[in-house]
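A.B. asks: Sequence and predicted model, in that order:
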Amino acid sequence: MLKFIKENPQKRYLIELPNSIKQEEIDKAIKELKIIKDIASDYTFSCHDLTSFKETRKRGYQAFLALPVTDWELFNDLMEYGASDIWIDGALGFQTDAIARAKDNVQIRVVPNYSAVIGDMQPNSFYIRPEDLDKYQKAIDVVFFREKEVSREEVCFTIYKRGSFIGNIEDLIPITREPTPNALFKEDFAETRLNCRQSCKVPGHQCTYCRTYFNIGRNI
Ligand SMILES: [Zn+2]
């Protein structure tokens, strides 16, 4: 590992801190990894909770919270603490203009095919089809995946890099578990969703735009 870093100091290293609430363990991990900080020109500590993130920042290390951020309160809190990255999800994923204005040099991360906000994904949850990734370009810097298998993760990277997917969107973005051909989606799908800003989640609001796609898919 160290040899690799020495040979590639220009790469960005993401160092995962142990998922622990014990301060000594976090301290130990940071100490052990200090050497990486000295060699690598760009690195960041991925922290599993707010406390270890803030502690790592207090010690002057680059770090970010490895949890999805869905509201401005936490977003601004992380900005104030100088997070290197912010993982956005939910409502924030529908506000690309505001995110682009607020993010400064922070790397905005997303998982495009999975929303961690609700256990069960819904048509109007946050997700991005491979074809729509460029509509999010101004706000998003890093795309990553949380697949159980590495091989699936690699396939996801390939699909999103290519920006097109032929087949059942449910195989890529599990939402209703019903067959929904990706070819059905209109070109302005993402734009319409960004304009909706998830106002369909407000009780009493009548927006069925996203849902219709998945219903149509089920009925053909
Ligand atoms: Zn809507």
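C.D. replies: Received, thanks. Residues are numbered from 1 along each chain as shown.
A.B. asks: give me every residue that touches the residue positioned nearest the centre of the chain.
C.D. replies: In the chain, the residue lying closest to the centroid (Cα atoms, centre = their mean) is residue 110, at 1.7 Å. Counting by Cβ atoms under 8 Å, 6 or more residues apart in numbering, residue 110 touches 87, 88, 89, 93, 126, 128, 136, 140, 142, 143, 144. No exception for glycine: its C-beta is placed from N, CA and C like everyone else's.
A.B. asks: Report the beta-bridge partners for it.
C.D. replies: Beta-bridge partners recorded for residue 110 (DSSP bridges): residue 143.
A.B. asks: Give me the distance between it and residue 136.
C.D. replies: According to Cβ to Cβ, to the nearest Å, residue 110 and residue 136 sit 7 Å apart.
A.B. asks: intersection of neighbour lists for the two?
C.D. replies: Common contacts of residue 110 and residue 136, defined by Cβ under 8 Å, 6+ apart, comprise residue 128.
A.B. asks: Those residues of this structure touching the ion, which are they?
C.D. replies: Applying Cβ under 5 Å from the ion, one finds that the chain approaches the ion through 196, 200, 207, 209.
A.B. asks: pLDDT score for the third one?
C.D. replies: I take that to be residue 207. Reported pLDDT at residue 207 in the predicted model: 80.
A.B. asks: Skipping adjacent residues, who's closest to it in space?
C.D. replies: Nearest non-adjacent residue to residue 207, counting by Cβ to Cβ, 6 or more residues apart in numbering: residue 200, 3.5 Å away.
A.B. asks: From residue 140, how far out is that neighbour?
C.D. replies: From residue 200 to residue 140 the distance is 22 Å (Cβ to Cβ).
A.B. asks: more crowded one of these two?
C.D. replies: residue 140 (22 against 17; other Cβ atoms under 10 Å).
A.B. asks: Go ahead and confirm the more buried one touches residue 108.
C.D. replies: Yes. At 5.1 Å, residue 140 and residue 108 qualify as touching, with contact defined as Cβ atoms under 8 Å.
A.B. asks: Over to residue 15. Which of the three states is it?
C.D. replies: strand (DSSP: H, G, I helix; E, B strand; the rest coil).
A.B. asks: what's across from it in the sheet?
C.D. replies: With DSSP bridges as the rule, residue 15 is bridged to residue 45.
A.B. asks: any idea where the helices of the chain begin and end?
C.D. replies: For the chain, the helices defined by DSSP state H occupy 2-7, 23-39, 50-58, 72-80, 96-102, 150-162, 169-172, 189-196, 209-219.
A.B. asks: So which of those is nearest residue 117?
C.D. replies: Counting by Cβ to Cβ, residue 117 lies closest to helix 72-80 out of the helices of the chain; the figure is 12.7 Å.
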